[in-house]
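okay, predicted coordinates and the sequence, questions at the end:
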Amino acid sequence: MILSDAFDLFMYEQRFRNNSPATVAYYNSYLTEFLNWLKTYSDITEVEQLTVKEYKDYVIFLSSGDLKASSVNTKIRAVKAFYNFLIDEERIGDCSRKLKLIKQRREEIIPLTDSEIRLLLESFDTSDLLELRNMCFVLLMLDCGLRRSELIRLKVSDVDFIRSSLLVNGKGDKQRLVPMGDNTSSVMLQYNDRVSDRRSGKPTDPFFLDRFGNGIDINCIKMVFQDLKTRTGIQRLHPHLLRHTFATLYIVDGGNLEVLRCLLGHSSIAITQIYLHLASNYIILKNRHNSHIDNLNKEYK
């Protein structure tokens, strides 16, 4: 079987499994890169010629550039899934145990401090409609833990102002209920009132609109956060940091880990447990260190 046919079969399988459009797009993008690399750097044209060596050569090729290890692994996971599909289809031998990701340094996540949160929220001029919308982005991430992609998918019918809650469509089309704080609900209501005449009136209309009256996209949110980073001077600012901050502060404020798992839409509590570590770090940094040496010195003064 030629590689292009195998690619088409793999992509057909993703659609058959009813994977989300984002997942299908992910595989399409990164497998296309891999197949283009094979055309350039090898003579392989058929699936049966693929071995672990090509997999490893591609990993080395990606690692030799400026990509972070995490970015390399993001690309490689798609190739690994393709290989495993070919193994299941008995097109190549079982080499699954040799399809490894590369080691990546674990970078410490530093949640936003209270002063940084105030700086961020005070940076918006809510008399401007787009600024009000952008403040909604930040509040939904900080107060509700939403992902960037979940903001984009939010529909008018997903926002319940009576109960101050959201029906969030998460990864894998899994839905979850997430409450909003009073302040977040109030700002969302202000935005909703000001854009209601720009929508068609259907419950399936996107909740957030761009300047042209269309639904927002990834690039819209990227541009907003680039501007916020410049405006506030918080250089580590990015959308997912706000979600990390929400989860960390939820634990710091006494929240339950299992409830947090549900709020974040995690499939396993093992993923959520990282926030126990982040919450401990947050408390350590926020509270003054009880230094035994300092106390010892005070005794001699």
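Looks like it came in fine.

switch to C-alpha atoms for all contacts and neighbour counts from now on
OK.

could you chop the chain up by domain?
Domain assignment for the chain, taken from automatic domain parsing, gives 3-98, 114-286.

now do the SS call for Asp94.
coil (DSSP: H, G, I helix; E, B strand; the rest coil).

could I get the domains of the chain as CSV with mean pLDDT?
Formatted as CSV, those follow (pLDDT from 0 to 100):
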stretch, mean pLDDT
domain 3-98, 92
domain 114-286, 92
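
which of these sits closest to Arg105?
For Arg105, the closest of the domains of the chain is domain 3-98, at 7.7 Å, according to Cα to Cα.

that closest one: how far from the chain's middle?
A distance of 22 Å separates the centroid of the chain from that of domain 3-98, by Cα atoms, centre = their mean, to the nearest Å.

oh, and call the first residue 27 from now on, that's how I've got it
Sure, I'll start counting at 27 from here, so that last one is domain 29-124.

before we move on, back to that, turn the domains of the chain into a markdown table, including mean neighbour count.
Rendered in a markdown table, the data for those read as follows (neighbours: other Cα atoms under 10 Å):
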| stretch | mean neighbour count |
| --- | --- |
| domain 29-124 | 15 |
| domain 140-312 | 17 |
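
in a markdown table, list those domains along with distance to Arg131.
Rendered in a markdown table, the data for those read as follows (distance: least, Cα to Cα, whole Å):
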| stretch | distance to Arg131 |
| --- | --- |
| domain 29-124 | 8 |
| domain 140-312 | 16 |
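
ok, which of those comes nearest Gln130?
Evaluated with Cα to Cα, the domains of the chain place domain 29-124 nearest to Gln130, the distance being 5.2 Å.

can you show me the strands along this structure?
Assigned by DSSP state E, the strands in the chain fall at 185-186, 191-195, 201-205.

in CSV, list those along with distance to Thr230.
Compiled in CSV, the strands of the chain are given as follows (distance: least, Cα to Cα, whole Å):
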stretch, distance to Thr230
strand 185-186, 11
strand 191-195, 13
strand 201-205, 15
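
show me the one of those strands that comes nearest Ser46.
With Cα to Cα as the yardstick, what comes closest out of the strands of the chain is strand 191-195 (10.9 Å).

got a list of contacts for the closest one?
By Cα atoms under 8 Å, 6 or more residues apart in numbering, the residues outside strand 191-195 that reach it are 176, 179-180, 184-186, 201-206.

run the last query once more with 6 Å
By Cα atoms under 6 Å, 6 or more residues apart in numbering, the list of residues contacting strand 191-195 from outside reads 184-185, 201-206.

over to stretch 52-63?
Counting by Cα under 6 Å, 6+ apart, the neighbours of stretch 52-63 from elsewhere in the structure are 101, 104.

let's go with 10 Å and repeat that
Residues outside stretch 52-63 that contact it (Cα atoms under 10 Å, 6 or more residues apart in numbering) are 29-30, 33-34, 36-37, 40, 46, 48-49, 51, 64, 66-68, 70-71, 80-81, 84, 87, 100-108.

what do you get for stretch 273-287?
Residues external to stretch 273-287 that are found in contact with it (Cα under 10 Å, 6+ apart): 136-140, 167-171, 267-268, 270, 272, 289-309.

my guess is Tyr81 meets Asn110, correct?
No. Assessed by Cα atoms under 10 Å, Tyr81 is found out of contact with Asn110, at 11.8 Å.

shared neighbours of the two, anything?
With contacts taken as Cα under 10 Å, 6+ apart, Tyr81 and Asn110 have Leu125 as neighbours in common.

for stretch 118-138, list the C-alpha coordinates in CSV.
Taking only C-alpha atoms (Å, rounded to 0.1, in the frame of the first residue of the first chain), the coordinates of stretch 118-138 have been written out as CSV:
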residue,chain,number,x,y,z
ILE,A,118,3.9,-3.3,9.4
GLY,A,119,5.5,-5.4,12.2
ASP,A,120,4.7,-4.7,15.9
CYS,A,121,7.3,-2.1,16.9
SER,A,122,5.0,-0.2,19.3
ARG,A,123,7.3,-0.5,22.3
LYS,A,124,10.1,1.2,20.4
LEU,A,125,8.0,4.3,19.5
LYS,A,126,9.2,6.5,22.3
LEU,A,127,8.8,10.2,22.9
ILE,A,128,11.8,12.3,23.8
LYS,A,129,12.6,13.5,27.3
GLN,A,130,11.4,17.0,28.0
ARG,A,131,12.4,19.2,30.9
ARG,A,132,9.5,19.8,33.3
GLU,A,133,9.2,23.6,33.5
GLU,A,134,7.8,24.9,36.7
ILE,A,135,4.4,26.6,36.3
ILE,A,136,4.1,29.9,38.2
PRO,A,137,0.4,30.9,38.6
LEU,A,138,-0.5,34.5,38.5
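
kind regards, and thank you for your time.
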